[in-house]
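K.L.:
Take this sequence and fold it.
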Amino acid sequence: MKKLVMVFALGAMLGSCGGGAAEIDVATLDSPCGCTEAAISVMDEMIDLRKKAEGMKDASEEDQKAVMTEFEGLQAKMTEIETKCVGDLAAEKAGEDCAALKELPNKMKEYAEAMN
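P.N.:
Predicted coordinates:
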C-alpha cells in the first residue's frame, strides 16, 4: 500500500511540473509533508529567481519589473502556504518518512543566504 501511495505521489509531482510553484493549490495541502514540499518548491524558485535577478543589472527596466512581479507572486504564495500550514499541518508534524522534512533545514539555510 505504501508503494502505491509513493507511485501516485510521484506521478502527481511529475504531472504538475509545468506550472511551477506559483501554481500550487494551497487549498489542497492536507498533510505536513505536503506543506513542507510546497514550501521547498517555492523556496527553490525564489532562490533561482534571486540568482537570475543578480545577473540582470544591465537588463531593461521591463525585464527587471517582470522578475520583480514573479518574485512578489512567489512571496505571496509562500505567505499563503505559511498561513495554511500551521498546527496539525506544520512541518514539525511531518513523519520521519517525509524526505522534504530532512531537506528543509538545508533549504532554509540556502534560501536565507540567497536573500541576503
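
K.L.:
Name the next helix or strand following the worst-scoring helix or strand of the chain on mean pLDDT along the chain.
P.N.:
Here the helix or strand of the chain ranked lowest by mean pLDDT, DSSP states H and E is helix 2-15, holding a mean of 37. As assigned by DSSP states H and E, the chain's next helix or strand after helix 2-15 is helix 32-54.

K.L.:
which residues are contacting that following helix?
P.N.:
20-22, 24, 26, 29, 64, 67-68, 70-71, 74-75, 77-78, 81-82, 84-85, 88-95, 98, 100-101, 103-104, 107-108, 110-111, 114-115 (Cβ atoms under 8 Å, 6 or more residues apart in numbering). In this view, the C-beta of every residue, glycine as well, is placed from N, C-alpha and C.

K.L.:
filter these to the buried ones?
P.N.:
Buried subset of these (neighbour count, 16 or more other Cβ atoms under 10 Å): 20-21, 24, 29, 70-71, 74, 77-78, 81, 84-85, 89, 91, 93-94, 98, 100-101, 104, 107, 111.
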